[in-house]
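**Q** Requesting a structural model of the entry that follows:
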Amino acid sequence: MIKDYTELTPKDVRDILEDYAYDDDIMNNEDERTLAIKEAMTHLPVADRIIFCLYLELGSSRNLGKFLGGISHSTILKEIKRIRQTILDEMEQSDINLNLDE
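**A** Next comes the predicted model:
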């Protein structure tokens, strides 16, 4: 997680997106759930993918709102909930069984 989000550069954002990119390599060390989420994220519009990845990296809606120029955290949370639901819907459509209770 990024500690000082005020100095993020466009390269940092690209690196973050690369960290969350789906990799279907059979030798990948990530667990099945992580891969399923990343695969579903590939179907998101680019703007949603950027917002979601930055939210995960910055750790809170308040930090993301500040980073994006003072957008209220409630607006950010509304968008995150919408994006999260889109990911879950995509996973359901793709018949990806994600057991979050483990």
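**Q** secondary structure element for the residue nearest to residue 38 when sequence neighbours are not counted?
**A** The shortest distance from residue 38 to any non-neighbouring residue, by C-beta to C-beta, 6 or more residues apart in numbering, is to residue 22 (4.0 Å). For the C-beta atoms, the positions are set from N, CA and C on the backbone; glycine is no exception. Assigned by DSSP states H and E, residue 22 belongs to no helix or strand.
**Q** I figured residue 22 hits residue 39, correct?
**A** Yes. Between residue 22 and residue 39 there is a contact under C-beta atoms under 8 Å: 4.7 Å.
**Q** Let's see stretch 56-64 as CSV, backbone CA atoms only.
**A** Below are the C-alpha coordinates for stretch 56-64, written out as CSV (Å, rounded to 0.1, in the frame of the first residue of the first chain):
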residue,chain,number,x,y,z
LEU,A,56,-6.9,-0.8,-3.3
GLU,A,57,-3.4,0.8,-3.2
LEU,A,58,-4.3,4.0,-1.3
GLY,A,59,-6.3,2.1,1.3
SER,A,60,-9.3,4.4,1.7
SER,A,61,-11.9,6.4,-0.1
ARG,A,62,-10.7,9.5,1.6
ASN,A,63,-7.2,9.1,0.3
LEU,A,64,-8.5,8.4,-3.2
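**Q** Which residues does that stretch contact?
**A** 1-2, 5, 16, 20, 51, 54-55, 67, 71, 73-74, 76-77, 80 (C-beta atoms under 8 Å, 6 or more residues apart in numbering).
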